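# When you get a sec, could you give me coordinates for this:
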Amino acid sequence: LETFFGNSIEPIDPNAIYQTIWGSNITKGDDLKNVPIVLQICAYIMKRLGHNLFKNAFTAKHDGTNFDDTAAFFNGFKTIIDNDISGTNEDKKIKISEEIGNLQLGADPITSSNAEDTIKDFYWSRSDELRGQDLKLFMSDKTYHYYTQDYQLTHGALPYNTSYDKNTLEVASNVELVPLSNVPSDFLLLTPKPNIFCLFNQQSDDEKYLCEPSLNNHYDVDFIANMFFGVQFQSVSKESFSVWEKKVTA
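Below is the predicted model of the structure:
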């Protein structure tokens with residue numbers, strides 16, 4: 001399990017709004033970091049940091065030379081999977097393949113015409129050990145839309161089909177559908193919740209978020225974030241993990 005170190009320094013100029021209703025009577029010094037507008041700006045920056053981590057959780061690719069983009073901060077879930085499929089991971093071994101049984105490649109993209117069949121066929125073709133667990137099925141929000149649309153059009157006459165939204169896979173109530181805007185299109189990930197990790201550094205006090213007087217200007221403050229973050233799977237064995245994605249053709 002690997003985390004990557006990243007940091008961020010954002011200068012804040014509270015006196016830019018000194019004469020507005022958001023201003024305060026404090027204009028310089030150590031107390032400036034505790035005025036209400038500075039605390040609100042710090043909270044907003046933290047929210048944006050969290051949003052960027054979420055947005056890139058599947059697609060980020062670590063790049064030791066690019067220190068400006070969250071997309072280059074760590075390796076996302078899909079990047080780790082791609083490396084395991086191609087054997088470009090750390091130990092140079094293919095860990096995910098159709099032969100191993102933890103990958104299914106589809107010939108066609110997922111649409112509103114085939115979403116239900118594609119997702120159900122993927123689930124029922126997986127190993128008995130995997131299907132026997134409580135599972136999360138991660139998919140893009142658009143794929144989820146295609147699934148619910150396809151289901152409604154196909155089974156609209158069923159007496160129990162009274163809701164457009166579907167929380168679980170039809171005839172497989174142990175599978176919770178998890179639509180996320182950060183999941184790539186034409187990609188499905190089936191795994192138990194305990195097998196998928198978002199990782200932080202909780203072993204030391206080095207992960208901190210501070211607001212300090214600026215080193216460059218007595219009238220400014222700096223928001224400082226010291227962060228460790230990464231994602232990983234505990235196992236990619238076919239008994240605890242499987243992926244569907246569209247086959248790439250030359």
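# Give me the pLDDT value at the residue most central in space within the chain.
When Cα atoms, centre = their mean is applied to the chain, the residue found nearest the centroid is A57 (3.1 Å). The score at A57 is 97. That number is its pLDDT.
# residue contacts, it?
Contacts of A57 were listed using Cβ atoms under 8 Å, 6 or more residues apart in numbering, and they are G76, F77, N182, C198, V231. The way it works is simple: take the backbone N, C-alpha and C, and place the C-beta from them, glycine included.
# same thing but at 6 Å, please
G76, N182, V231 (Cβ atoms under 6 Å, 6 or more residues apart in numbering).
# what's the answer for F77, then?
For F77, the contact set (Cβ under 6 Å, 6+ apart) comprises F58, V231.
# That one and I94: what is the separation?
From F77 across to I94, the span is 18 Å (Cβ to Cβ, to the nearest Å).
# now swap in I17 and tell me
Taking Cβ to Cβ as the measure, I17 falls 56 Å from I94.
# Would you mind telling me which of these two has the busier surroundings?
Ranked by neighbour count (other Cβ atoms under 10 Å), I17 and I94 place I94 first, with 15 against 12.
# right, and the secondary structure at the more buried one would be what?
When classified by DSSP: H, G, I helix; E, B strand; the rest coil, I94 comes out as coil.
# ok, it touching S86?
No. Checked against Cβ atoms under 6 Å, the pair I94 and S86 is beyond contact range at 7.4 Å.
# For the protein, give me the ranges with low pLDDT.
21, 156-165, 202-203, 250 (pLDDT under 70).
# can you pull out the strands in this structure?
Taking DSSP state E as the test, the strands found in the chain are 4-12, 103-106, 135-140, 168-169, 172-180, 187-191, 196-200, 209-213, 221-233, 242-246.
# so which of those strands gets nearest S127?
Closest to S127 of the strands of the chain is strand 242-246 (Cβ to Cβ; 7.8 Å).
# Pull the CA coordinates from that closest one and hand them back as PDB.
Provided in PDB are the C-alpha atoms of strand 242-246 (Å, rounded to 0.1, in the frame of the first residue of the first chain):
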ATOM      1  CA  SER A 242     -13.000  -8.200 -11.500                       C
ATOM      2  CA  VAL A 243     -13.100  -5.600 -14.200                       C
ATOM      3  CA  TRP A 244     -15.100  -5.100 -17.400                       C
ATOM      4  CA  GLU A 245     -13.800  -2.700 -20.100                       C
ATOM      5  CA  LYS A 246     -14.200  -2.200 -23.800                       C
END
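# Each with direction, which strands does that strand pair with?
Strand pairing for strand 242-246, determined by DSSP bridges: strand 103-106 (parallel), strand 187-191 (antiparallel).
# Next, count neighbours for H218.
10.
# Over to the one 4 residues further on?
The local packing count at D222 equals 17, with neighbours defined by other Cβ under 10 Å.
# the longest helix in the chain is where?
Taking DSSP state H as the criterion, the chain has its longest helix at helix 36-55.
# which helices and strands does that helix pack with?
Applying 3 or more Cβ pairs under 6 Å, 6 or more residues apart in numbering; DSSP states H and E, one finds that helix 36-55 contacts strand 4-12, strand 221-233.
# Okay, angle between it and strand 172-180 too, please.
On the basis of axes from the mean of the first three to the mean of the last three Cα atoms, to 10 degrees, helix 36-55 is oriented at 120 degrees to strand 172-180.
# Any buried residues in helix 36-55, and which?
Within helix 36-55, the residues scored as buried using 16 or more other Cβ atoms under 10 Å are I37, V38, I41, C42, I45, L49, N52, L53.
# Hmm, F223 and the fifth one touching each other?
To tie it back to what came earlier, the one meant is I45. Yes. Using Cβ under 6 Å, I45 is in contact with F223, at 5.2 Å.
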